[in-house]
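**Student:** Whatever this is, show me its structure:
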Amino acid sequence: MKLYLLALIGLLAFGNKVSGQDKLYCTNNPYRSWWNVVHYTLEANIPTTTESINGTVTIRAVATQHTIDTIQVDLQSPLQLSTVKVNGIYRPALKNGNAYLIPTGYIMKDDTFSVVLQYQGIPVQAKKAPWDGGFVRQKDEQDKPWIAVACQGIGASVWFPCKDYPGDEPELGADLYYTTDAAYTAVGNGTLIETNNDGATEKEWHWKVSKPINLYDITFYIGDYTHMRDTFRGLNGTLPLDYYVLKSNEAKARKQFEVVKPMLRAFEYWMGPYPFYPDGYKLVDAPYLGMEHQSAVAYGNGYKMGYAGADRSQTGVGLLFDFIIVHESGHEWFGNNVSINDVAYSWIHEGFTTYSETLLAESLFGKEKAFQYQRGCWRLIRNDKPMEGMPGNCDGGSGDHYVKGSAMIHMIRMLMKDDQQFRQLLHDIGSTYGYKTISGPELERFIIKRTKLKLKPLFAQYLRTTQVPELVLIRTEKGFTYQWQSCIEGYNMPVLVYIDGQAKWLRPATKVKQFKSATVKEVKPSPDFYIRCKGLE
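**Tutor:** As a prediction, the model looks like this:
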């Protein structure tokens with residue numbers, strides 16, 4: 001106990017040093033960094049008749065360094081831990097905000113150990129899922145219970161105890177045991193292993209996830225579901241397709257989900273094999289708009305085309321597909337397979353996934369319409385703050401990491417001047433970083449190396465400033481001058497322009513350059529670059 005108190009004093013000092021609870025929660029602090037989670041077993045009792053839940057979480061982990069005898073486990077109030085065991089020995093747990101500090105006893109480097117956590121309480125109820133996060137309890141059209149959870153922003157510790165840090169995914173996945181009223185289906189991630197009836201009133205559903213998984217992706221759905229099955233012949237063989245929809249939605253789902261197979265075919269072409277063949281692909285009716293829950297995608301778009309019936313691009317193309325099916329499924333490649341170790345780099349998840357909408361449109365409707373859709377969505381960019389956040393601060397940056405992130409990727413594609421090489425780049429990102437967590441700078445370096453393009457200024461400009469580069473063109477007696485303004489020092493991104501209708505690549509810099517041709521009448525930049533332009537005078 002003396003060692004534990006010394007460790008606690010150190011933790012409190014650490015918390016004060018890095019500005020309190022948020023830093024404690026958002027950083028890979030010393031009480032997280034010495035151990036690596038290998039597997040989660042989550043047993044949760046989720047009744048439909050009361051808001052309270054209770055359960056047990058078993059964490060299997062490995063010491064990657066010599067232990068400091070204390071670990072941090074996260075669980076958000078009003079949920080509470082009741083008992084804790086480390087390697088079968090009861091241990092105390094000291095609450096520090098949403099973190100619990102648990103003495104482990106001495107554990108040597110490379111040792112495997114287990115932490116068993118029993119908990120109970122009433123979890124936070126989401127007010128506007130999936131944006132704020134928490135439990136969602138509704139009634140379906142038949143006035144039957146319909147329950148789910150969404151927790152990307154708020155964190156998985158809003159409903160079960162865990163190491164709630166994005167840089168540590170369980171390499172061997174998770175076993176999920178959900179017990180609820182026997183009349184209802186409890187859907188989870190991965191493959192359904194078995195169901196067990198506890199008498200006539202309750203039923204347990206065992207789901208198994210075989211691949212690494214983001215903790216915010218671990219989820220459940222409870223409702224009066226009907227189950228529809230299909231298969232997809234893809235790059236890695238036969239992929240099971242499972243659809244769990246409310247019974248009243250079965251006819252609509254059979255029609256709306258017809259897009260799944262052509263979508264998966266398009267995504268496999270552009271981004272590589274579906275990453276989770278052993279765990280299958282599921283779409284599940286959810287009582288909120290949608291979420292990218294790995295192998296169990298939440299669907300709540302009302303069986304409408306576009307974004308809840310609207311075209312985000314205002315081009316007409318956005319109404320040719322169901323936004324939620326496409327976007328949330330695209331996350332299986334970027335977000336679930338290639339994952340970030342800090343929310344500051346959310347542009348990797350959201351930028352590439354938003355670009356998957358363009359790739360889907362290109363495969364199904366042609367390149368011209370796809371590019372129209374891409375450019376049309378740029379109207380949603382706000383430039384309110386940089387789209388890359390500050391690492392270690394729970395800072396996901398601007399919501400521009402969706403559309404502006406996609407625009408940046410589109411410009412990289414343009415600069416590559418080779419769609420097949422761009423496609424190979426997406427494949428290479430998936431094969432290199434699949435089932436791993438990475439940082440933004442790590443991916444930047446990888447893209448620069450693979451493309452052999454000088455993209456460092458582009459990343460600095462679009463990720464870490466709100467300025468939109470302006471191409472300034474001024475007519476002269478000999479032709480025109482051109483330069484970049486409203487940009488970082490040394491910005492020198494090439495840009496495709498049309499000089500009197502003829503395509504020409506210019507290489508502007510922050511210093512003035514001269515284009516010599518006295519006959520030039522008109523210069524227009526390609527619309528596929530997210531820039532501003534001050535035309536010839």
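
**Student:** can you give me the helices in the stretch 401-537 of the chain?
**Tutor:** Listed in chain order, the helices of the stretch 401-537 of the chain (DSSP state H, counting those that start in this stretch) span 403-416, 419-433, 440-451, 456-464.

**Student:** Break down the protein into its helices, ranges please.
**Tutor:** 2-17, 21-26, 30-33, 250-256, 260-271, 323-330, 346-365, 367-377, 403-416, 419-433, 440-451, 456-464 (DSSP state H).

**Student:** Check the separation of the first and last residues in stretch 138-146.
**Tutor:** End-to-end distance for stretch 138-146: 5 Å, by C-alpha to C-alpha, to the nearest Å.

**Student:** picking up where we left off before, can you say which of the helices of the stretch 401-537 of the chain is packed in most?
**Tutor:** Greatest average neighbour count among the helices of the stretch 401-537 of the chain goes to helix 403-416 (a mean of 23), per mean count of other C-beta atoms under 10 Å. All C-beta atoms are positioned from the backbone trio N, CA, C, and that covers glycine.

**Student:** The closest residue to residue 531 other than its chain neighbours: neighbour count?
**Tutor:** Nearest non-adjacent residue to residue 531, counting by C-beta to C-beta, 6 or more residues apart in numbering: residue 469, 5.0 Å away. By other C-beta atoms under 10 Å, the residues close to residue 469 number 25.

**Student:** Now do the phi/psi pair for residue 469.
**Tutor:** Main-chain dihedrals, residue 469, degrees, to the nearest 10: phi -60, psi 140.

**Student:** quick one: contacts for it?
**Tutor:** Going by C-beta atoms under 8 Å, 6 or more residues apart in numbering, residue 469 touches 461, 484, 485, 486, 487, 491, 493, 531, 532.

**Student:** Identify the residues contacting the fifth one.
**Tutor:** Okay, so that is residue 487. Taking C-beta under 8 Å, 6+ apart as the test, what residue 487 contacts is 461, 465, 467, 469, 470, 510.

**Student:** Please render the helices of the chain as a markdown table that adds distance to residue 130 and mean pLDDT to the earlier fields.
**Tutor:** Below are these laid out as a markdown table (distance: least, C-beta to C-beta, whole Å; pLDDT from 0 to 100):
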| stretch | distance to residue 130 | mean pLDDT |
| --- | --- | --- |
| helix 2-17 | 29 | 34 |
| helix 21-26 | 20 | 69 |
| helix 30-33 | 26 | 94 |
| helix 250-256 | 20 | 98 |
| helix 260-271 | 21 | 98 |
| helix 323-330 | 10 | 98 |
| helix 346-365 | 13 | 98 |
| helix 367-377 | 20 | 98 |
| helix 403-416 | 18 | 98 |
| helix 419-433 | 25 | 98 |
| helix 440-451 | 23 | 98 |
| helix 456-464 | 24 | 98 |
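
**Student:** Could you export the ones you listed as a markdown table, including distance to residue 316?
**Tutor:** As requested, those are exported to a markdown table (distance: least, C-beta to C-beta, whole Å):
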| stretch | distance to residue 316 |
| --- | --- |
| helix 2-17 | 53 |
| helix 21-26 | 42 |
| helix 30-33 | 48 |
| helix 250-256 | 19 |
| helix 260-271 | 19 |
| helix 323-330 | 14 |
| helix 346-365 | 10 |
| helix 367-377 | 8 |
| helix 403-416 | 18 |
| helix 419-433 | 24 |
| helix 440-451 | 32 |
| helix 456-464 | 27 |
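
**Student:** do you know which of these lies nearest residue 516?
**Tutor:** helix 403-416 (24.5 Å; C-beta to C-beta).

**Student:** Let me see the contact set for the closest residue to residue 468 other than its chain neighbours.
**Tutor:** Take residue 468 and drop its neighbours on the chain: the residue closest to it by C-beta to C-beta, 6+ apart is residue 532, 5.3 Å away. The contact partners of residue 532, taken as C-beta under 8 Å, 6+ apart, are 468, 469, 470, 471, 486.

**Student:** Which parts of the chain belong to which domain?
**Tutor:** Annotated domains of the chain cover 2-300, 338-464, 470-534 [automatic domain parsing].

**Student:** returning to that earlier point: which residues does the residue nearest to residue 468 form beta bridges with?
**Tutor:** Taking DSSP bridges as the rule, residue 532 bridges to residue 470.

**Student:** ok so, going back, closest to residue 421 out of the contacts of residue 532?
**Tutor:** Each of the contacts of residue 532 was checked against residue 421 using C-beta to C-beta; the closest is residue 469, at 24.1 Å.

**Student:** confidence score at that closest one?
**Tutor:** For residue 469, the model assigns a pLDDT of 98.

**Student:** And for residue 18?
**Tutor:** So residue 18 comes in at 35 (pLDDT).

**Student:** can you give me the strands in the stretch 201-350 of the chain?
**Tutor:** 202-209, 220-223, 225-234, 237-246, 281-285, 290-291, 297-299, 338-340 (DSSP state E, counting those that start in this stretch).

**Student:** Determine which stretch of the ones you listed is the most buried.
**Tutor:** strand 297-299 (a mean of 27).

**Student:** which other residues reach it?
**Tutor:** 130, 148, 150, 219, 221, 281-286, 288, 290-292, 324-325, 328-329, 331-332.

**Student:** low-confidence ranges in the stretch 51-200 of the chain?
**Tutor:** 198-199 (pLDDT under 70).

**Student:** What segments of it are strands?
**Tutor:** Going by DSSP E, counting those that start in this stretch, the stretch 51-200 of the chain shows strands at 53-63, 70-74, 80-86, 89-90, 94-96, 99-103, 112-121, 134-139, 145-150, 174-181, 185-188, 191-198.

**Student:** Take the ones you listed and write them to JSON lines, including distance to residue 44 and mean neighbour count.
**Tutor:** Shown next, in JSON lines, are the strands of the stretch 51-200 of the chain (distance: least, C-beta to C-beta, whole Å; neighbours: other C-beta atoms under 10 Å):
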{"stretch": "strand 53-63", "distance to residue 44": "4", "mean neighbour count": "19"}
{"stretch": "strand 70-74", "distance to residue 44": "16", "mean neighbour count": "23"}
{"stretch": "strand 80-86", "distance to residue 44": "14", "mean neighbour count": "16"}
{"stretch": "strand 89-90", "distance to residue 44": "22", "mean neighbour count": "10"}
{"stretch": "strand 94-96", "distance to residue 44": "21", "mean neighbour count": "15"}
{"stretch": "strand 99-103", "distance to residue 44": "18", "mean neighbour count": "22"}
{"stretch": "strand 112-121", "distance to residue 44": "9", "mean neighbour count": "18"}
{"stretch": "strand 134-139", "distance to residue 44": "11", "mean neighbour count": "18"}
{"stretch": "strand 145-150", "distance to residue 44": "10", "mean neighbour count": "25"}
{"stretch": "strand 174-181", "distance to residue 44": "6", "mean neighbour count": "22"}
{"stretch": "strand 185-188", "distance to residue 44": "9", "mean neighbour count": "24"}
{"stretch": "strand 191-198", "distance to residue 44": "14", "mean neighbour count": "12"}
